[in-house]
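1. I would like to see how this sequence folds:
(one chain, ligands or ions: 1)
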Amino acid sequence: MNPRLADLPFPISKFSLGAWAFAGGAMWGNQDEKNSIATVHAAMDAGVTMIDTAPGYGHGVSEEIVGRAIKGRRDQVLIANKVSAVPLNYETTIECCETGLKRLQTDHVDLLQIHWRRDDTVIDEVVAAMEKLRDDGKVLALGVCNFGPKSLNDLFEHGTGWITNQLAYNLLWRANEFEITDACASHDMGILCYSPIQQGLLTGRFATVDEVPESRRRTRHFSSDSELSRHGDAGNEALTLATLDRIRTIAAGLGESMADLSLAWLLHQRGVSSVIFGARTPEQVAANMKAENLKLDTATLNALDEATSELKTALGSNADLWNSETRII
Ligand SMILES: NC(=O)c1ccc[n+]([C@@H]2O[C@H](COP(=O)([O-])OP(=O)(O)OC[C@H]3O[C@@H](n4cnc5c(N)ncnc54)[C@H](OP(=O)(O)O)[C@@H]3O)[C@@H](O)[C@H]2O)c1
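-> Residues are numbered from 1 along each chain as shown. Reported below is the predicted structural model:
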């Protein structure tokens, strides 16, 4: 039988910990492994039951650090890993998963996800390989990331019982609300939200575009002038900053931080199974976990909807925030 979310060894917490920043490097800058390990422990001690990593995060560095961090505590945490070889086919999927198991120092991962469906991804082979890994007990459950309506249709032509779709979702990026939330619901898939504070933007600490680190200006919020950008589109910088101002005003009126408000807002959205925040220190974990109990009333939810709708419309329904809006997913 295909496992559902509820069949995992224990429930996924409302907040999961994302381990991308543990890789440091050009994307995140220096990151001390001791801090990363303390961050994992702080999250687990605060009730986080799932950690999300990927082979692509520093070519395995993040997987290795997570492996060292959970040593002796493997039975207390769910591991979500990904496969992302180029090209992704039957052999490379198996190899990518096996390498991940070694780096994580574990005999299984709880959730294995396709990280990206690229044009050269051989979807029927990848589905077959992941189902084999599941049948062999190396993986408990299967999911995808960044799958739009077309990719979901293709996926379910070949496989059954895929339980999650991990998507960028936050107050500045609501593309999934147009079609994908409904598509996920119809396939009984939970949504795992990534970049829930838009890589720090929703903390309100960047006042101008120039203050945002170059590596965090790759999304379609920003113009493609940024060196690392690959979308080639015009971006929506002025509207993004104006939307941040509106959210800042609502947060101030409630006496809450923008980050807490943004994280709590996601917990009130349809189809969300867990919100994966990135954190680099135990202090960031503690700050973010406060949002778990922040209840938002209808007036606040409506105000946030109104404040962010213009940007939502401008950015459109394509849920891939890194590539051109015209790339069909
Ligand atoms: N499936 C995919 O394609 C995909 C893509 C992206 C991410 N993800 C997953 O989602 C996770 C989270 O997404 P993300 O890391 O891109 O974005 P995020 O969670 O929106 O932002 C994380 C960054 O914001 C800063 N931050 C976190 N808490 C803070 C706080 N309380 N106050 C101030 N700053 C704070 C930290 O960086 P600084 O301290 O350096 O500012 C942190 O690394 C990733 O780790 C990864 O596991 C998946």
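
2. the chain: helices as residue ranges?
-> 25-28, 33-45, 61-69, 90-104, 123-135, 149-158, 180-186, 237-254, 258-267, 282-289, 298-315 (DSSP state H).

3. out of the ones you listed, nearest to the ligand?
-> Nearest to the ligand among those is helix 282-289 (3.6 Å), distances taken as CB to the nearest ligand atom. (C-beta placed from N, C-alpha, C; glycine too.)

4. neighbouring contacts of that closest one?
-> For helix 282-289, the external contacting residues (CB atoms under 8 Å, 6 or more residues apart in numbering) are 15, 17, 35, 38-39, 41-43, 46-48, 257, 259-260, 263, 277, 279.

5. so how do I select the buried members of the residues you listed in PyMOL?
-> Isolation of the buried members of the contacts of helix 282-289 (16 or more other CB atoms under 10 Å) is achieved in PyMOL through the command below:
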select buried, resi 15+17+35+38+39+42+43+46+48+257+259+260+263+277+279
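
6. pick out the residue closest to the middle of this protein.
-> Centroid check for the chain by CA atoms, centre = their mean gives residue 194 as the closest residue, at 2.3 Å.

7. make JSON lines from the helices of the chain and add distance to the ligand and mean pLDDT to it.
-> Listed next are the helices of the chain as JSON lines, based on distance: least, CB to the nearest ligand atom, whole Å; pLDDT from 0 to 100:
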{"stretch": "helix 25-28", "distance to the ligand": "6", "mean pLDDT": "93"}
{"stretch": "helix 33-45", "distance to the ligand": "9", "mean pLDDT": "98"}
{"stretch": "helix 61-69", "distance to the ligand": "8", "mean pLDDT": "98"}
{"stretch": "helix 90-104", "distance to the ligand": "14", "mean pLDDT": "98"}
{"stretch": "helix 123-135", "distance to the ligand": "15", "mean pLDDT": "96"}
{"stretch": "helix 149-158", "distance to the ligand": "13", "mean pLDDT": "95"}
{"stretch": "helix 180-186", "distance to the ligand": "14", "mean pLDDT": "96"}
{"stretch": "helix 237-254", "distance to the ligand": "13", "mean pLDDT": "98"}
{"stretch": "helix 258-267", "distance to the ligand": "5", "mean pLDDT": "98"}
{"stretch": "helix 282-289", "distance to the ligand": "4", "mean pLDDT": "98"}
{"stretch": "helix 298-315", "distance to the ligand": "15", "mean pLDDT": "98"}
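
8. so which of those helices is nearest residue 53?
-> Proximity to residue 53 (CB to CB) singles out helix 61-69 among the helices of the chain, at 4.8 Å.

9. buried ones in that closest one, by neighbour count?
-> Neighbour counts over helix 61-69 (16+ other CB under 10 Å) mark 61-67, 69 as buried.

10. try stretch 287-304
-> For stretch 287-304, by 16+ other CB under 10 Å, it's 287-289, 291-292, 294, 296, 300, 303-304.

11. quick check: mean pLDDT of stretch 113-122?
-> Across stretch 113-122, the average pLDDT comes to 96.

12. measure it end to end?
-> This stretch, stretch 113-122, spans 15 Å end to end (CA to CA, to the nearest Å).
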